[in-house]
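Trainee: coords below, sequence missing:
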């Protein structure tokens with residue numbers, strides 16, 4: 001029997017749109033690009049041949065249009081896995097819940113979702129300007145641990161190896177990381193032969209959780225070195241960002257296809273950063289639009 005969702009669980013605005021995004025079900029395409037910065041929505045949409053709607057609410061800005069015959073929605077999420085939790089649950093509701101009856105639909109839609117972002121590179125072979133497609137995401141954020149079925153979709157053996165390597169086993173103050181695979185077909189299609197296939201850590205913050213120290217000392221000053229040196233079945237952790245794990249994990253639990261692609265704007269190992277990356281991120285956007 002299909003589930004019914006109470007008003008307190010699925011909040012629908014008076015105009016029939018979903019609570020945070022303010023998007024209506026008919027405005028959502030099956031192909032979705034997520035960006036963190038609301039200003040980057042206009043950059044993606046500038047490539048569209050047509051635009052059918054433009055909606056803005058808080059940090060969430062959405063444009064749906066077409067690119068070379070493909071109907072695509074681009075939405076900004078803001079920063080962090082907590083915002084991905086909002087966006088993913090709301091776009092899944094738009095696709096798979098009947099807003100009139102508040103019932104789960106008999107036939108569900110599978111969405112294709114690609115997040116385009118920026119990141120910090122952690123290896124010598126991921127200098128500034130590198131495009132990385134996340135094959136696996138490591139969640140230091142803890143979000144997926146609140147959902148049933150988490151163990152069935154995660155790489156538990158790799159999780160245990162990472163916990164032991166970082167010295168977090170038995171440490172009640174340490175995160176409980178989860179490791180999730182992106183959709184393999186989507187990764188192959190989006191990454192092509194010109195992106196690094198990476199293992200991405202999604203952190204719960206930009207400073208301390210990513211090993212940046214300003215005025216507050218770090219709990220473990222050697223954390224980044226340990227992360228950079230971790231290796232599992234020939235795979236190394238390639239980059240830091242703040243959203244990929246929640247996207248991959250929630251998509252897997254919901255039955256959608258998702259991956260994250262990022263451009264490296266800072267290499268933590270080399271101690272270098274490039275803030276003048278705007279033109280190059282547009283190159284990455286074009287690649288994704290062509291391949292999604």
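Mentor: On my side now, so go ahead. None of the values given here were measured: they were computed from a predicted structure.

Trainee: can you list the strands that the helix or strand hosting residue 120 pairs with?
Mentor: Per DSSP states H and E, residue 120 falls inside strand 112-121. Its sheet considered, strand 112-121 pairs with strand 31-35 (parallel), strand 235-241 (antiparallel), strand 257-267 (parallel) by DSSP bridges.

Trainee: closest one to residue 101 among the ones you listed?
Mentor: Among the strands paired with strand 112-121, the nearest to residue 101 by CB to CB is strand 31-35 (24.2 Å). (C-beta placed from N, C-alpha, C; glycine too.)

Trainee: mind jotting down where the helices sit in the stretch 101-250 of the chain?
Mentor: Per DSSP state H, counting those that start in this stretch, the stretch 101-250 of the chain carries helices over the ranges 150-153, 156-166, 184-191, 223-229, 244-254.

Trainee: between those helices, which one is closest to residue 58.
Mentor: When those are ranked by distance to residue 58, counting by CB to CB, first place goes to helix 244-254 at 18.0 Å.

Trainee: residues contacting the spatially most central residue of the chain?
Mentor: Here the mean C-alpha position of the chain is nearest to the C-alpha of residue 244 (CA atoms, centre = their mean), at a distance of 3.2 Å. Shown in contact with residue 244 (CB atoms under 8 Å, 6 or more residues apart in numbering): 115, 134, 137, 182, 200, 202, 260, 262.

Trainee: switch to 7 Å and redo it
Mentor: 115, 134, 137, 200, 202, 260 (CB atoms under 7 Å, 6 or more residues apart in numbering).

Trainee: if we can go back for a sec, packed most tightly, which of the helices of the stretch 101-250 of the chain would that be?
Mentor: Stretch with highest mean neighbour count among these: helix 244-254 (a mean of 27; mean count of other CB atoms under 10 Å).

Trainee: before we move on, the earlier item: got the helices of the stretch 101-250 of the chain as CSV, with distance to residue 35 and mean pLDDT columns?
Mentor: CSV is the format used below for the helices of the stretch 101-250 of the chain (distance: least, CB to CB, whole Å; pLDDT from 0 to 100):
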stretch, distance to residue 35, mean pLDDT
helix 150-153, 25, 96
helix 156-166, 28, 96
helix 184-191, 15, 98
helix 223-229, 25, 95
helix 244-254, 12, 98
